[in-house]
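1. could you look at this predicted model? Sequence included:
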Amino acid sequence: MKDIIQLKDRRFKVMIPAEEIDRAVQAIADRINADYAERETPIFLGVLNGSFMFLSDLIKKIEFQNEISFVKLASYDGISSTGAVKDLIGLNGSIEGRHVVIVEDIVDTGESIEHMLKALQERHPASVEVCTLFFKPNSYNRSHEIKYRAMEIGNEFIVGYGLDYDQVGRSLKDIYVVTE
């Protein structure tokens, strides 16, 4: 692990090492295992591209039968949220009467989550909960409770473990924060 890295025009420093992320993922998996063990085959709905690493590690720690699907949304440009959510790829199968766990890499303002919740509720699931690796409580301005929060962070811009800076840095195993 390098303490300082360069991605495009910005420098980043380590904020959260991989070992700490793994402990947080295990803690969330333990909560989900307790809450969903008796429910009929929940669907984990990963939000691409950022959640792929988190969902991969999370699902390895889940101890009950489940399904996985993905959606792709876009709301960032560079290091800033655009304030608008675009659907790029959608959920194709039926979720009527099913329990759904949305898996996000990061919940910032909540715009993407609100957009997804509205679209999913129209499909009549039994329940929908949100699981996020990172939650920014000072930025979140929606009313839906984010039940499964692995880690809370401030408003800093982070990269690594699936999160990117203008499409680079996703493969970093640690979380880095912009230094300038």
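-> Noted; the coordinates are in hand.
2. hey, which helix or strand in this structure has the poorest pLDDT?
-> Least confident helix or strand, the chain: strand 80-89 with a mean of 54, by mean pLDDT, DSSP states H and E.
3. what mean pLDDT does stretch 124-141 have?
-> Taken as a whole, stretch 124-141 has a mean pLDDT of 97.
4. in it, what's buried?
-> Of the residues in stretch 124-141, those with enough neighbours to count as buried (16 or more other Cβ atoms under 10 Å) are 125, 128, 129, 130, 131, 132, 133, 134, 135, 136, 140. C-beta: built from backbone N, CA, C; applies to glycine.
5. low-scoring pLDDT stretches of this protein, where are they?
-> The chain contains residues with pLDDT under 70 at 1, 74-89, 180.
6. again, only this time at 90
-> Screening the chain residue by residue with the criterion pLDDT under 90, one finds the ranges 1-3, 48-49, 71-94, 111-112, 115-116, 118-119, 122, 179-180.
7. ranges for the strands of this protein?
-> In order along the chain, the chain carries the following strands (DSSP state E): 4-7, 10-16, 43-48, 67-77, 80-89, 99-107, 127-135, 148-152, 158-159, 175-178.
8. so which of those is nearest residue 36?
-> Proximity to residue 36 (Cβ to Cβ) singles out strand 99-107 among the strands of the chain, at 6.8 Å.
9. from the chain's centre, how far out does the closest one sit?
-> Taking the mean of its C-alpha atoms, strand 99-107 sits 6 Å from the chain's own mean (Cα atoms, centre = their mean, to the nearest Å).
10. please put the alpha-carbon coordinates of it into CSV.
-> Once non-C-alpha atoms are left out, strand 99-107 reads as follows in CSV (Å, rounded to 0.1, in the frame of the first residue of the first chain):
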residue,chain,number,x,y,z
HIS,A,99,-37.3,-8.8,-0.4
VAL,A,100,-34.7,-6.5,-2.0
VAL,A,101,-31.4,-5.2,-0.5
ILE,A,102,-29.9,-2.4,-2.6
VAL,A,103,-26.1,-2.5,-2.3
GLU,A,104,-24.4,0.8,-2.8
ASP,A,105,-20.8,1.8,-2.5
ILE,A,106,-21.6,5.2,-1.1
VAL,A,107,-24.7,7.2,-0.2
